[in-house]
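J.: Dropping the sequence and predicted coords here.
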Amino acid sequence: MPEDPARSPQQVRSHVVENLRFIRETMEAAGAFTAMSGRAQVVIGATALGAALLASRQPDGVRWLAVWLAEAVVAVAIATAGILEKSRRRRLPLLSGVSRRFWPSLAAPLFVGAALTVALATRGQFDVLPGVWLLLFGAAIVAGGALSVPLVRAMGWSFLALGLGALFAPPAWGDAFLAGGFGGLLAVFGVAIARRHGG
């Protein structure tokens, strides 16, 4: 096919770069779960900081746990809305291909976390919950992150490291560790994911 003399080399180059970007994004979406919303993570980080402050002022373990459980419900709602919005905007499948394998990998450690929360709370062992939550959330992100982009895996390993610290730190530091994880780490990695992976 003859080259269009009206198109400059710069226009041809721009067109090629655009096509390569489309191909790269398509292959990335096909091979990795990329619907995690960095923007939603930043919002969750802000609500977690508020929850940490509120929880630290509670007079007993039951009320402390109620604050964090309420935060968990809020976080799940924000994350779900963010994933749905990003997947719609970028036309990413949520229940097929790699996404179908992502959800069970993420859900199994979170289920264990919920079961351990009930078991430990009924025994009044609230002081170990921050470490358990951070460790199992990290495990969930690492497991799901095996099917996602490297930033997600790095976030999971960061949560695991923070969880280990929380597990062996003085119990009074629990809210600070939770603020650092669900407030700080989620927000920092959320900004990076939003910049590098489209929102």
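T.: Looks like it arrived, so ask away.
J.: In the longest helix seen in the chain, which of the residues would be classed as buried?
T.: For the chain, the helix that runs over the most residues, judged by DSSP state H, is helix 61-90. Buried positions in helix 61-90, judged by neighbour count with 16 or more other C-beta atoms under 10 Å: 64-65, 67-68, 71-72, 74-75, 78-79, 82-83, 86-87. Every residue, glycine included, has its C-beta placed from N, CA and C.
J.: Next, format those as JSON lines and append pLDDT.
T.: JSON lines is the format used below for these (pLDDT from 0 to 100):
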{"residue": "64", "pLDDT": "97"}
{"residue": "65", "pLDDT": "97"}
{"residue": "67", "pLDDT": "97"}
{"residue": "68", "pLDDT": "97"}
{"residue": "71", "pLDDT": "97"}
{"residue": "72", "pLDDT": "95"}
{"residue": "74", "pLDDT": "96"}
{"residue": "75", "pLDDT": "95"}
{"residue": "78", "pLDDT": "94"}
{"residue": "79", "pLDDT": "89"}
{"residue": "82", "pLDDT": "87"}
{"residue": "83", "pLDDT": "81"}
{"residue": "86", "pLDDT": "78"}
{"residue": "87", "pLDDT": "77"}
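J.: so which of those comes closest to residue 13?
T.: Top of the list for closeness to residue 13, among those and by C-beta to C-beta, is residue 86 at 29.9 Å.
J.: re the thing from before, which element follows the longest helix of the chain toward the C-terminus?
T.: Using DSSP states H and E, the helix or strand that follows helix 61-90 in sequence is helix 98-122.
J.: Any stretches of this structure with poor pLDDT?
T.: The chain contains residues with pLDDT under 70 at 1-7, 12, 15-16, 19-35, 92-100, 147, 197-199.
J.: for the buried residues of helix 61-90, which one is nearest residue 159?
T.: The closest of the buried residues of helix 61-90, once distances to residue 159 are taken by C-beta to C-beta, is residue 75, at 13.7 Å.
J.: and the closest residue in space to that closest one that isn't next to it in sequence, how far is that from residue 193?
T.: Computed as C-beta to C-beta, 6 or more residues apart in numbering, the closest residue to residue 75 that is not its neighbour in sequence is residue 44, at 4.7 Å. Here the criterion is C-beta to C-beta, to the nearest Å. By it, residue 44 lies 12 Å from residue 193.
J.: Now do the contacts for the residue nearest to residue 75.
T.: Residues near residue 44 by C-beta atoms under 8 Å, 6 or more residues apart in numbering: 74-75, 78-79, 182, 186-187, 190.
J.: gap between it and residue 168?
T.: Distance, residue 44 to residue 168, using C-beta to C-beta: 26 Å.
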